[in-house]
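Trainee: Next input, structure requested:
(2 chains)
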Amino acid sequence: MPEEEKVIQDGQISRRQFIKNAGIVVGGTAVGSTILLSGCGNGETVTKTITTTVAGGTVTKYACPYDSQEFDTLAALKTHLESQHGEGGGGLEGLITLNVNGTNYILKVEPQWTLAYTLREKCLLPGTKVPCWRGECGACTVIMNGRTVYSCLVLAIEADGAVIRTVEGLKVNGELSALQRSFIKNRGFQCGMCTPGFLMTGVALLEKNPNPLLEEVAEAVSGHICACGNMNRNIQSIYEGGS
Amino acid sequence: MADELTVIGKPGNIDQQAVECVTGTIEFPNDLFMGQKLHAKILGCPHAHAKVVSIDASKALELDGVEAVVTHEDVPGWSEVKFHVGDAVAAVAAKDENTAAHALTLIKVTYETRAHVVDPDEAMEPGAPLVGLFPDGNTTLRTDIVRGDVEAGFAQADVTIEDESGWTNRWQNAPMGGGNTTAWWQDDILHAWVDTQNPHGEHSGFAGFFALPHNKVRVFTHAAGGGFGGGRAAVQAVAAALAKKTGKIVSLHTDKRDNFFRGVTHFACKSKIKLGAKSDGTLTAIDAQFWGDGGTNPSPPYNALPDCLQIGFRCPNANFKVTGVITNAPPSGYYRCVQHPPGAFLMNTALDAMAEKLGMDPLDFRLKNILTIAEPDQDSGVAFSFNTLRECLLDSAAAIGYASNKHAPGARTLDDGRKHGMAVTGHLDGHGGYGSGRGAIITLRPDGTCFINAGIARSSCGTNTAHCHFVAETLGLKYDDVKTGDWGATAVTADGGMQAGSTNTNQAGAAFTIAARDAREQLFKAAAKMFDPQVNPEDLDARDSKIFLKSNPSKSITHKEVCARNQRIIGRASAGWNPVLQFDVGPWKAGTPANQRVPCAAGAEVAVDTESGEVEVLKWTAVTDIGRVIYYDGAHAQAWAGLYHMFWQAFFAEHIYDRETGISLNPNFLNHRWPASLDIPYDALQEVLREGVSGLGPYGATGAGEPVASQYSVIACAIYNAIGVWIKEPPFTPWKILKALGKA
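Mentor: Model (predicted):
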């Protein structure tokens, strides 16, 4: 039986086998550290992590997934990919970069892939749920470049270069955030499927408006459905979640 | 007793899966094997009734990334005849969901179309096209109850009324999850991850579908993702068939559009109810006929449609008849309270019509005719364990200020020109009944903490958290010392039964309580020997994770100390369904035949704008006597959610089919929508959970899920009280109100 796939990322830490050996740096001032190339949907993945700790902080380098050469910037890696792997390797075609919860991903994507699909199946972050698959329920909401989006309505290629935040990135130093704690205290969940979307909209609202009125919370979450019928508690959770 | 409880009913105990829910790590079937699995999509039939002549999947199989196509020849349970639009014809497994969806468009199917009928009235006419599930005709008699002599009853009556309804609203359960499956074959052993309300039922289903011995099936259910009754038959053999064909892990994601075409739909029904009463309001005769549209479900759950009227109201002469109709529409099924939401609507319109003809206040008329606790069930003769319907009705009336504000229909206009209306309705709900019919296993760890394990899914309101309450209370452990262990994994758990019928808390809870009593017996036996001098196990009690002498509570030993030396304590319960009380509860003795119903009532106050047809809910209080609140936060969340669901049923819920073609016209959350955050009258909605008299479940519990969601009819009655015109076909949309007023 294949090992149950589960990604748990506490800050920069992932427990997946292929990342386990990467010696990821925690702490310091490093932001992005993992580079991951996902082959064309066949589960073939190659990863290189080259963040190293040096005196006074960390240095992140970017590794070519084909020949392991290291580069100081993503742009330099892209130039290398285009010049050295343009034919056999596919070069830059379909190659996107995403920064998800502070981790850089270089992904080879197909044009029909949605951001939701890519986050779930390629970045291995299944916290983003996709009940309706067509922009009706709001459960798949993530924060993209500071704005909430339905990730089932954004194509992965549209998200190239974007900074994405998902429910997996909400913990602060490995601890539940104030908003998550408020959702627990107020029982702001029932079945748990719409909850990640409510949380992400809550984060986006509270960052702009740390002390919203209940009415402002209700308006902010008006694009979300909670079929279980927990809307009052979901709203209260965000209302009290700012501190 | 209540004062002695240390865990049960205490606010603030946290749901067992709270952290998983707020971190997105709670496992739904599609959240597993990320990056490794194939994705499945289903092709639906475009016709309401057709036979598949041929299927050419060659173009689909040529598409890059497509791995397999299956049809009725591969999938157990699929027929070559399709009975409704959306009926599954073929399914594709591909590298991603979009590729699978693309491949569906490349499958060429040749159909031989057949005559169909979607309108239930048409389906009942002589010579109507046959739906195809019965050899002749489209109807079946589902219920025929005769009590006393109805003709004599009407002869005694001073006043009679005849009330005829239109068809009530069909609606789609449409939970956020539901119908998702991930399947994988380890050689000849099927592993299936399913979001279901019935893990062991699915286990049996898979074994039957693939002719497997039961020990070659493993079902895993963690989170059900909602369900509301629709998830009790979610089994999807198709993912397993595709997994078998490809030799890979296959995940079927039932998106909401799929759900609307193939998921469980709440049935439509109508009635013709004749009532007879003495001039003082005493009911003398009921002749009630009901019809239910089951779609392509030949035995849908509307056989108890008369239940609200049949059980709660005293009448010596009564006939109740239910005729089932089948149509070429998706199969109907369960939704929070099978028949009570529409059954209560049909009953309450008739009761109000009678009250008006008698010149009585509708609430007084109800109070005159409801059964008291002294009266047994009129048809079975079995006494009710408790009946506080009167109290629930009066509490509902008090909550909306009924006594001082009530008025005749159409008699009060508000200052802003809108019409004011109010009503109180209620019934003895048939759900939440008692029966010990569940298995449970609890294991004590060497440090005195405890796991509970059962073959049940996590339901939305956290019933497995309620089960932890029972175990903690019974074992005298702190709440935090009891955790859910394995649940919903059928190979390692006892059958927890079906999480339906509002029985999860009280019936599975009974099994957990029995298992905890078993463990407590072992624990006290071991603990007794550790006291110095030794004591008898009967001398002991436990609380706050300490076992102490009843006669001298200061002499105590911790669970941890006992378990450290006795590491094999396992409590078990396993029994067939048994409607007889298994242990003493409150005033009830073990062995009592259980006839438990859950009294529920609601009061509502509305303002109706007769120019726009809009209805504003000013107050809506639902009062339900659930015996004992077990998991406080979960029970209240579920009760408020019941109000939300009733609000939805009254004003929104309507799944519309084109009567000519049988095609769903609103198969999505935008047009068949749930009330969103800005639609809900938060200040008006108030849930009240009574704990008046002990129920028969452990610690006096009953069930809550369905009784708290069965009173949307109170809105129909309040609208009538406002405008003096009945809206006979819910939901109560502005257009229907204007139409009833002759303005549209």
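Trainee: Next up, the contacts around residue 101.
Mentor: You didn't say which chain, so I picked chain A. For A:Asn101, the contacting residues are A:9, A:125, A:164-166, A:168-169, by Cβ atoms under 8 Å, 6 or more residues apart in numbering or on different chains. Bear in mind the C-beta positions are built from the backbone N, C-alpha and C, glycine included.
Trainee: Can you look at chain B instead?
Mentor: By Cβ under 8 Å, 6+ apart, the contact set of B:Ala101 is B:Lys41.
Trainee: Now it: which helix or strand?
Mentor: helix B:97-104 (DSSP states H and E).
Trainee: shaky segments in the stretch 451-600 of chain B?
Mentor: B:575-578 (pLDDT under 70).
Trainee: all strands in it, in order from the N-terminus.
Mentor: Taking DSSP state E, counting those that start in this stretch to define them, one finds strands in the stretch 451-600 of chain B at B:482-487, B:540-543, B:546-549, B:552-558, B:570-573, B:598-608.
Trainee: and among these, the most buried is which?
Mentor: Of the strands of the stretch 451-600 of chain B, the one with the most neighbours on average (mean count of other Cβ atoms under 10 Å in any protein chain shown) is strand B:598-608, at a mean of 29.
Trainee: Check the secondary structure at the closest residue in space to B:Asn303 that isn't next to it in sequence for me.
Mentor: Once flanking residues are discounted, B:Asn303 sits nearest to B:Arg142: 4.2 Å by Cβ to Cβ, 6 or more residues apart in numbering or on different chains. What DSSP: H, G, I helix; E, B strand; the rest coil gives for B:Arg142 is strand.
Trainee: Would you mind giving the strands of the stretch 451-600 of chain B as JSON lines with distance to chain A added?
Mentor: Shown next, in JSON lines, are the strands of the stretch 451-600 of chain B (distance: least, Cβ to the nearest Cβ, whole Å):
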{"stretch": "strand B:482-487", "distance to chain A": "14"}
{"stretch": "strand B:540-543", "distance to chain A": "26"}
{"stretch": "strand B:546-549", "distance to chain A": "28"}
{"stretch": "strand B:552-558", "distance to chain A": "28"}
{"stretch": "strand B:570-573", "distance to chain A": "26"}
{"stretch": "strand B:598-608", "distance to chain A": "15"}
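Trainee: Tell me which of those lies nearest to B:Thr465.
Mentor: strand B:482-487 (7.7 Å; Cβ to Cβ).
Trainee: gap between A:Glu93 and B:Gln289?
Mentor: Distance from A:Glu93 to B:Gln289, counting by Cβ to Cβ, to the nearest Å: 68 Å.
Trainee: Show me which of the two is the more surrounded one.
Mentor: B:Gln289 (17 against 10; other Cβ atoms under 10 Å in any protein chain shown).
Trainee: Can you dump the C-alpha atoms of the helix or strand containing the more buried one in PDB for me?
Mentor: Element membership for B:Gln289 (DSSP H and E) is strand B:283-293. C-alpha atoms of strand B:283-293 as PDB (Å, rounded to 0.1, in the frame of the first residue of the first chain):
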ATOM      1  CA  LEU B 283     -61.100  16.300  16.200                       C
ATOM      2  CA  THR B 284     -63.400  13.400  15.300                       C
ATOM      3  CA  ALA B 285     -62.100  12.200  11.900                       C
ATOM      4  CA  ILE B 286     -59.100  12.500   9.600                       C
ATOM      5  CA  ASP B 287     -59.000  11.200   6.100                       C
ATOM      6  CA  ALA B 288     -55.600  12.000   4.700                       C
ATOM      7  CA  GLN B 289     -54.200  11.000   1.400                       C
ATOM      8  CA  PHE B 290     -50.600  11.800   0.400                       C
ATOM      9  CA  TRP B 291     -48.700  11.300  -2.800                       C
ATOM     10  CA  GLY B 292     -44.900  11.400  -3.100                       C
ATOM     11  CA  ASP B 293     -42.700  11.700  -6.200                       C
END
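Trainee: what does the helix or strand just after it rub up against?
Mentor: As assigned by DSSP H and E, the chain's next helix or strand after strand B:283-293 is helix B:307-312. Here helix B:307-312 makes contact (Cβ under 8 Å, 6+ apart) with B:145, B:273, B:286, B:288, B:318, B:320, B:339-340, B:343-344, B:347, B:350, B:370-371, B:377-379, B:389, B:426-428, B:430, B:597.
Trainee: Show only the entries of the residues you listed found in strands.
Mentor: B:145, B:273, B:286, B:288, B:318, B:320, B:426-428 (DSSP state E).
Trainee: Can you tell me which of the residues you listed comes closest to B:Asp158?
Mentor: B:Ile286 (15.4 Å).
Trainee: Excluding residues flanking it in the chain, which one is nearest that closest one?
Mentor: B:Ala318 (4.0 Å).
Trainee: Give the full set of residues in contact with the one you found.
Mentor: B:145-148, B:150, B:153, B:285-288, B:310, B:378.
Trainee: switch to 7 Å and redo it
Mentor: By Cβ atoms under 7 Å, 6 or more residues apart in numbering or on different chains, B:Ala318 lies in contact with B:147-148, B:150, B:285-286, B:310.
Trainee: so where's chain A shaky on pLDDT?
Mentor: A:1-60, A:65, A:87-91.
Trainee: Do you have the helices of it handy? List them.
Mentor: A:17-20, A:74-84, A:115-117, A:178-185, A:195-208, A:214-220, A:231-239 (DSSP state H).
Trainee: Is the residue nearest to B:Asn303 in contact with B:Val322, as I believe?
Mentor: Yes - in this structure, B:Arg142 is within contact of B:Val322 by Cβ atoms under 7 Å, at 4.3 Å.
Trainee: Which of those two has more residues huddled nearby?
Mentor: Shown here are B:Arg142 and B:Val322; by other Cβ under 10 Å, B:Val322 has more neighbours (24 against 21).
Trainee: Weed out the non-buried ones from the ones in strands among the contacts of helix B:307-312.
Mentor: When the ones in strands among the contacts of helix B:307-312 are checked for burial by 16 or more other Cβ atoms under 10 Å in any protein chain shown, the buried set is B:273, B:286, B:288, B:318, B:320, B:426-428.
Trainee: so how many other residues sit close to A:Thr73?
Mentor: 11.
Trainee: where's the spatially most central residue of chain A relative to chain B, distance?
Mentor: For chain A, the residue nearest the mean C-alpha position is A:Val100 (3.6 Å; Cα atoms, centre = their mean). According to Cβ to the nearest Cβ, to the nearest Å, A:Val100 and chain B sit 13 Å apart.
Trainee: returning to what we had before: as JSON lines, the buried ones among the ones in strands among the contacts of helix B:307-312 with distance to B:Ser204 would be great.
Mentor: Converted to JSON lines, these look like this (distance: Cβ to Cβ, whole Å):
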{"residue": "B:Ile273", "distance to B:Ser204": "39"}
{"residue": "B:Ile286", "distance to B:Ser204": "40"}
{"residue": "B:Ala288", "distance to B:Ser204": "36"}
{"residue": "B:Ala318", "distance to B:Ser204": "38"}
{"residue": "B:Phe320", "distance to B:Ser204": "33"}
{"residue": "B:Gly426", "distance to B:Ser204": "38"}
{"residue": "B:His427", "distance to B:Ser204": "34"}
{"residue": "B:Leu428", "distance to B:Ser204": "33"}
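Trainee: now, which of those residues sits nearest B:Ala237?
Mentor: Using Cβ to Cβ, those come closest to B:Ala237 at B:Phe320, 37.2 Å.
Trainee: Could I get the contacting residues of whatever residue of chain A ends up closest to chain B?
Mentor: Of all residues in chain A, A:Gly127 sits closest to chain B, at 2.5 Å by Cβ to the nearest Cβ. Taking Cβ under 7 Å, 6+ apart, we find A:Gly127 in contact with A:166-168, A:196, B:23-25.
Trainee: Against A:Val167, how distant is it?
Mentor: For A:Gly127, the distance to A:Val167 - Cβ to Cβ - is 4 Å.
Trainee: rewinding a little: mind putting the contacts of B:Ala318 into CSV with distance to B:Phe470 and pLDDT?
Mentor: Below are those laid out as CSV (distance: Cβ to Cβ, whole Å; pLDDT from 0 to 100):
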residue, distance to B:Phe470, pLDDT
B:Arg147, 38, 98
B:Gly148, 42, 98
B:Val150, 45, 98
B:Ala285, 45, 98
B:Ile286, 40, 98
B:Gln310, 32, 95
